[in-house]
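Novice: Task: produce atomic coordinates for the following.
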Amino acid sequence: MKHLIPFLPKVPVVPVIRLQGAIGTGGRSLSDQALAPLFERAFSRGKPAAVALVINSPGGSPVQSSLIAARIRRLADEKKVPVHCFIEDIAASGGYWLAVAADQIWVDPSSLVGSIGVIYASFGFHDLLQKNGVERRVHTAGKSKSFADPFKPERPEDVARIHAMLAPLHDTFIAHVKARRAERLKPDADLFNADIWVGQASVDLGLSDGVAHLVPKMKELYGDKVRLVPYGQRRGLLQRFGLEMAGTVMGSVEERALWARYGL
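Specialist: Prediction:
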């Protein structure tokens with residue numbers, strides 16, 4: 001009932017949104033559609049002193065990363081609410097794309113930060129088919145329909161096209177980081193070659209703002225009485241009982257591969 005008494009000081013409230021896992025559209029991945037209601041509630045209920053993001057993500061879809069980050073910025077600007085990001089184990093690639101949407105980025109001394117790049121990965125099976133006497137028959141209308149076919153030998157023109165697709169995605173990522181971090185980035189540092197930096201090194205390069213943890217930093221900025229309110233995604237009935245569908249299981253395998261790239 002304290003909030004109904006006008007002369008009592010209001011306790012600062014900071015919604016805390018955990019962004020854990022790979023970024024994409026399937027299974028348990030972080031997606032704009034799944035997170036939209038969460039962000040809308042966090043920024044719109046009352047007048048929060050700030051919103052805190054706790055990020056632990058190895059990356060994923062460039063489009064979903066862009067959509068989620070754009071939503072965070074739109075709500076932050078509309079509501080005039082500062083956003084703080086706290087990186088746990090890792091904010092790499094798309095994970096860092098999300099972190100950059102915050103006004104301030106805080107890391108643990110052992111956090112992995114960066115990987116400002118784009119990757120395309122596939123397999124080649126043509127030798128395996130030949131060894132097992134398998135003939136694959138493909139008919140297309142349109143010369144590019146079998147582009148980068150994993151059952152055919154890799155062609156130089158396909159490789160050139162892949163790089164032509166990756167380049168604008170990388171440019172968009174770089175522009176996002178430069179626009180958000182601006183003068184904080186260390187001049188002349190090679191920051192956009194997909195390298196990873198640990199903790200304080202990311203601070204020294206301007207990719208993050210300091211070494212800090214959620215509770216003490218929020219108390220330092222908003223007072224000892226600050227109230228941290230966790231906001232989380234609602235899990236479906238099948239997920240609650242551990243009964244995941246085959247597609248979700250496959251998504252989990254892909255996510256596990258993303259984490260494994262960074263030894264996590």
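Novice: Every contact and neighbour count from this point should use C-alpha atoms.
Specialist: OK.
Novice: Let's verify residue 230: helix, strand, or coil?
Specialist: strand (DSSP: H, G, I helix; E, B strand; the rest coil).
Novice: So it sits against residue 13, correct?
Specialist: No: the criterion here is Cα atoms under 8 Å, and residue 230 misses it with residue 13 at 10.6 Å.
Novice: So between these two, which is more surrounded?
Specialist: Per other Cα atoms under 10 Å, whichever of residue 230 and residue 13 has more neighbours is residue 13, with 18 against 12.
Novice: would you list every one of the strands in this protein?
Specialist: 13-20, 51-57, 83-92, 104-107, 112-114, 196-198, 210-211, 227-231 (DSSP state E).
Novice: who does the shortest one pair up with?
Specialist: Here the strand partners of strand 210-211, with direction, are listed using DSSP bridges: strand 104-107 (parallel).
Novice: residue ranges with poor pLDDT in the stretch 101-250 of the chain?
Specialist: 120-130, 133, 135-138, 140-142, 144-154, 158, 233-250 (pLDDT under 70).
Novice: need the helices for it, in chain order.
Specialist: Remark: helices assigned in the stretch 101-250 of the chain by DSSP state H, counting those that start in this stretch are 126-131, 156-181, 200-204, 214-222, 237-240, 246-260.
Novice: So which bits of the third one are buried?
Specialist: Within helix 200-204, the residues that qualify as buried are 200, 201, 202, 203, counting by 16 or more other Cα atoms under 10 Å.
Novice: can I get the CA coordinates of stretch 188-208 in CSV?
Specialist: C-alpha atoms of stretch 188-208 as CSV (Å, rounded to 0.1, in the frame of the first residue of the first chain):
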residue,chain,number,x,y,z
ASP,A,188,42.6,2.4,-34.6
ALA,A,189,42.0,-0.9,-32.8
ASP,A,190,41.1,-3.9,-35.0
LEU,A,191,37.7,-4.7,-33.4
PHE,A,192,35.7,-6.1,-36.3
ASN,A,193,37.7,-9.2,-37.3
ALA,A,194,35.5,-11.5,-35.1
ASP,A,195,38.0,-11.7,-32.3
ILE,A,196,37.0,-12.5,-28.7
TRP,A,197,38.2,-10.5,-25.7
VAL,A,198,38.1,-11.4,-22.0
GLY,A,199,36.7,-9.1,-19.3
GLN,A,200,39.0,-6.1,-18.7
ALA,A,201,40.4,-6.3,-22.3
SER,A,202,36.9,-5.6,-23.7
VAL,A,203,36.7,-2.6,-21.3
ASP,A,204,40.1,-1.3,-22.5
LEU,A,205,39.0,-1.5,-26.1
GLY,A,206,35.7,0.3,-25.4
LEU,A,207,33.5,-2.7,-26.2
SER,A,208,32.2,-2.6,-22.6
